[in-house]
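**Q** next one to model:
(one chain, ligands or ions: 1)
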Amino acid sequence: MAGFRDREKQFFPLQNIQDVVKLFRDQLTCGEEPNLSLLSIVLGVIENILTVNRAIPTEVDNSANLEPIFPVVELHTIEALYSKFESHIKRSVDLTKFPGPHATRELVKHVSDVIWGSLTRSFYKDKAHLQSLYSFLTGNKLDCFGVAFGVVAAFQVLGYKDVHLALSEDHAWVVFGENLAETAEVTWHGKGNEDKRGQPITAGTTEKSWLYLNGYPVICTREMEVSSIVSGINLAITTTMDSVELGSLQQELLWLLYDMGHLKKYPMALGNLGDLEEITPSENRKKPIELFQEAIASSQEYYNNQHVYPYTYLGGYLYRKQDYNGALQAWADAASVIKKYNYNREDEEIYKEFLEIANDLIPSMMKHVAGENAARIHHTSLLYNPESYANFLRFYDGICEWEEDSPTPVLHITWAKQLVFSISKFDISVRIGVDLKGENGDGDESEDSEDDENSSGETKDKNQNVKEESSRNKTDGEDGEQNTTKARGRVGRQK
Ligand SMILES: CC1(C)CN=C(N2CCN(c3ncnc4sc(CC(F)F)cc34)CC2)S1
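**A** Numbers count the residues shown, from 1 in each chain. From the prediction side, this is the model:
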C-alpha cells in the first residue's frame, strides 16, 4: 500500500490549480519533509496531460471549449505510481549492508546505478518532459536533471535525510554525509562525455569551471528540491506553443515557494518566475525587473557573484523591452562573471548564450537603433552614449579574458565580423572619446596624449604603469612641471 497518510489523501482528486497549490502548501508546512516522489509524480501527471497527451478538443461548438482544460488527478493514479517507485527502490537496495544514519559513497553509487539501470538504452536524452518521476515510472526515461533528482527522491524513500541535490547552471549532482561534506556525480552531462558517476567533485574539477560554478553551486534543502521540480516544469506543447494552464500552475507554485523563502538562494528559479511574470503579470506582485534584480542579489550574496544566468535573464528582458542601454550593461556584467572562468568543452551551454548575445542580439539591436533617425539627430541614441560604448567594450573584454588561458578557443571569424559590424555603428565621437557637448568646460578638444607605453617604447603591464603613473602624479603635485593633459571622457582607460 502506498505510504500515503490520510493527510495527503484529503486533497484528492485534484481538479484545478488551487487544489494543487493546497497540496504543495500542506507538504511544505506539515512539519515533516515534503514528499519529493509524490510531488514529482503529481507534476509529471499534470504536465503530461497538458502538453504531451494533450487531447485537442474536437471542433464541437467552440464556446464550450473556452473553459481551461485542467485534468482531474485521481488519488489511485498517484498511489499506483508512488508505490511502484517505492517498491522498486526498496527491493533494489539492501540497507542491511549500510547501517549508519548517513549515506556512503558506495550507497550513493548503488542508488544511482538502480535509477540508471532502469532507463531505456536508446532514447533521445535531449527531449522535453523527461525530468519527472512520472517519466521514469511510465517511460523509463529521464534527462540529466531527472536522474539526479531521482537519486535524491530515492534516498528520501529509503529514509535518509542527508542526501541533497546540488545544482549548477547546467549540471546536477548530490551532496551527502556529515555536514553534507561529500559530493558525488550521479548522472551524465552533455553529449559524448563519459559519465563520472560515483566520483567526487574535487576542487581541481570545480576551479575556474563554469559547469561547477567555481565551487558555488546551489545546495538544496528539501524545500529547494521542491523548488527545482516546480522550476523545471516544461510548458512546451510544441516548439512554438506553451500550455497556458501549466504556466499558471507553475507561476502559482513559484509564488508559494517565494513567499515561504524557498527561492531566496535559488537565482534561476527567481529568473524563471520573472519570465513568467513578464508573460502574465500577477496583480499585487513584484515586477519582472525586481525579480531579476533579486536573482542577481542572491548570486552576489550567497554565491560570490559566480553565476552568469541572473545577468542574462535581466539582459534578455531589457532587450525585449528595448532598453538597450540596460541590456548592454547586464550583458557586460554577465561577461564580467564569465571572464573569471576558463572555457572548456563541457561549457557549451554558456558559450551558446554569449554567442547569441554577441552575434545575434547585439547586431540586431544596432540595426534597430541605426534606423532611429530622431534619436540620431538629437544624439539621444545609444550610438552617442559613452556609457553604452563602455559596456559594449566591457562585454567583449570579458569574453576575451574568458578565452585567455582556456583549453578551448572561444572566438572565431564570425565573432570578429559581428564585432566590426556592431562597433562601427557607434558614433565616431564616442569611439575617439571627444566630448561633443563640451561639458568639460574648457571645450579643449585635445585628446589624452598619454599611452600605455613607457619612454623605452615597450608596453608595461598595467599595474606597473599605474604605479609609475601615480608616482608621476606625485611629482606633478610637487613641481607641477610635467604637463599631463586630463583624460577627456576616455572610456576603458582606468589609470
Ligand atoms: C537566461 C536563460 C537563458 C533563460 N533560461 C535559463 N534557464 C537556465 C536553466 N534553468 C534552470 N532552472 C532552474 N533550475 C535549474 S538546475 C539546472 C541545471 C540542470 F542540470 F539541473 C538548470 C536550471 C532554467 C532555464 S537561463
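
**Q** for the helix or strand hosting R376, C-alpha coordinates in CSV please.
**A** Using DSSP states H and E, R376 sits in helix 373-377. Once non-C-alpha atoms are left out, helix 373-377 reads as follows in CSV (Å, rounded to 0.1, in the frame of the first residue of the first chain):
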residue,chain,number,x,y,z
ASN,A,373,16.6,58.9,-37.1
ALA,A,374,15.1,61.1,-34.4
ALA,A,375,17.4,59.7,-31.8
ARG,A,376,20.3,60.1,-34.1
ILE,A,377,19.6,63.7,-34.8
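
**Q** report the next helix or strand after it in sequence order.
**A** Next element after helix 373-377 (DSSP H and E): helix 386-403.

**Q** what separates the helix holding R376 from the chain centre, distance-wise?
**A** 36 Å (C-alpha atoms, centre = their mean, to the nearest Å).

**Q** what does stretch 362-381 give?
**A** Distance, centroid of stretch 362-381 to centroid of chain: 30 Å (C-alpha atoms, centre = their mean).

**Q** go on, stretch 278-298?
**A** Per C-alpha atoms, centre = their mean, the centroid offset for stretch 278-298 relative to its chain is 15 Å.

**Q** return the backbone torsion pair for whatever residue of the stretch 1-150 of the chain ends up closest to the ligand.
**A** Nearest residue of the stretch 1-150 of the chain to the ligand, counting by C-beta to the nearest ligand atom: F145, 3.7 Å away. Just so you know, the C-beta spots here come from the backbone N, C-alpha and C atoms, and that holds for glycine as well. The phi/psi pair for F145 (degrees, to the nearest 10) reads phi -60, psi -40.

**Q** is Q15 in contact with V72, as I believe?
**A** Yes - taking C-beta atoms under 8 Å as the definition, Q15 is a contact partner of V72 at 5.3 Å.

**Q** what's the closest non-adjacent residue to G215?
**A** Counting by C-beta to C-beta, 6 or more residues apart in numbering, T206 is the residue found nearest to G215 once chain neighbours are left out, at 4.4 Å.

**Q** re earlier: so for the residue of the stretch 1-150 of the chain closest to the ligand, what's the pLDDT?
**A** F145 carries a pLDDT value of 98.

**Q** that one: what's it in contact with?
**A** By C-beta atoms under 8 Å, 6 or more residues apart in numbering, F145 lies in contact with 131, 172, 187, 228, 232.

**Q** three-state assignment of the first one?
**A** Three-state assignment for Q131 (DSSP: H, G, I helix; E, B strand; the rest coil): coil.

**Q** burial of the residue lying closest to it once chain neighbours are set aside, as a residue count?
**A** Ranked by C-beta to C-beta, 6+ apart and with sequence neighbours excluded, the top spatial neighbour of Q131 is G146, at 4.4 Å. By other C-beta atoms under 10 Å, 27 other residues sit near G146.

**Q** and G146, how far is that from V369?
**A** 43 Å (C-beta to C-beta, to the nearest Å).

**Q** then G274?
**A** For G274, the distance to V369 - C-beta to C-beta - is 25 Å.

**Q** the more surrounded of those two?
**A** G274 (25 against 18).

**Q** show me which residues of the stretch 251-400 of the chain are close to the ligand?
**A** 268-269, 272, 309, 312-313, 316, 353 (C-beta under 6 Å from any ligand atom).

**Q** looking at these, which two lie furthest apart in space?
**A** A269 and E353 (18.0 Å; C-beta to C-beta).

**Q** looking at those two, which is more packed in?
**A** A269 (26 against 21).

**Q** any stretches of the stretch 51-200 of the chain with poor pLDDT?
**A** Applying pLDDT under 70 to the stretch 51-200 of the chain flags the ranges 55-68.

**Q** show me the helices in it, by range?
**A** Per DSSP state H, counting those that start in this stretch, the stretch 51-200 of the chain carries helices over the ranges 75-92, 105-117, 133-139, 144-157.

**Q** now do the same contact list for the closest residue to V108 other than its chain neighbours.
**A** Take V108 and drop its neighbours on the chain: the residue closest to it by C-beta to C-beta, 6+ apart is A184, 4.7 Å away. Contact analysis of A184 by C-beta under 8 Å, 6+ apart lists 105, 108-109, 112, 173-174, 176, 197-201.

**Q** just the buried members of these?
**A** By neighbour count, with 16 or more other C-beta atoms under 10 Å, these hold 108-109, 112, 173-174, 176, 197, 201 as buried.

**Q** residues from the stretch 101-250 of the chain in reach of the ligand?
**A** Counting by C-beta under 6 Å from any ligand atom, the stretch 101-250 of the chain sits next to the ligand at 144-145, 167, 169-172, 228, 231.

**Q** mind checking which of the residues you listed are in strands?
**A** Judged by DSSP state E, these include 167, 172 as members of strands.

**Q** any chance of TSV for the residues of the stretch 101-250 of the chain next to the ligand, columns distance to A295?
**A** Output for these, formatted as TSV (distance: C-beta to C-beta, whole Å):
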residue	distance to A295
C144	22
F145	19
L167	14
E169	12
D170	16
H171	19
A172	19
S228	15
S231	12
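
**Q** mind pulling up the pLDDT for the nearest residue in space to L382 that is not next to it in sequence?
**A** The spatially closest residue to L382, leaving aside those adjacent along the chain, is S388, at 4.0 Å (C-beta to C-beta, 6+ apart). As predicted, S388 sits at a pLDDT of 98.

**Q** look up how far N53 lies from S388.
**A** Distance from S388 to N53, by C-beta to C-beta: 48 Å.

**Q** comparing these two, which residue is more hemmed in?
**A** Just comparing S388 and N53: by other C-beta under 10 Å the higher neighbour count belongs to S388, 23 against 9.

**Q** which residues touch that one?
**A** 324-325, 328, 382, 426, 430.

**Q** quick revisit: return the set of residues that bridge with the residue nearest to V108.
**A** In this entry, A184 is beta-bridged to V174, by DSSP bridges.

**Q** hmm, G247 and V230 touching each other?
**A** No - the criterion here is C-beta under 8 Å, and V230 misses it with G247 at 12.0 Å.

**Q** who has more neighbours out of those two?
**A** V230 (24 against 17).

**Q** show me what contacts the more buried one?
**A** Taking C-beta under 8 Å, 6+ apart as the test, what V230 contacts is 24, 43, 250, 253-254, 257, 269.

**Q** hang on, the earlier thing: so which of the residues of the stretch 251-400 of the chain next to the ligand comes closest to R91?
**A** A269 (34.3 Å).

**Q** give me the neighbour count for the residue nearest to that closest one when sequence neighbours are not counted.
**A** Nearest residue to A269 in three dimensions, chain neighbours excluded: S231, at 4.2 Å (C-beta to C-beta, 6+ apart). Other residues near S231 come to 21 when the count uses other C-beta under 10 Å.

**Q** and for G31?
**A** 4.

**Q** from Q300, how far off is it?
**A** If you go by C-beta to C-beta, the gap between G31 and Q300 works out to 33 Å.

**Q** now do Q27
**A** Taking C-beta to C-beta, one finds Q27 at 31 Å from Q300.
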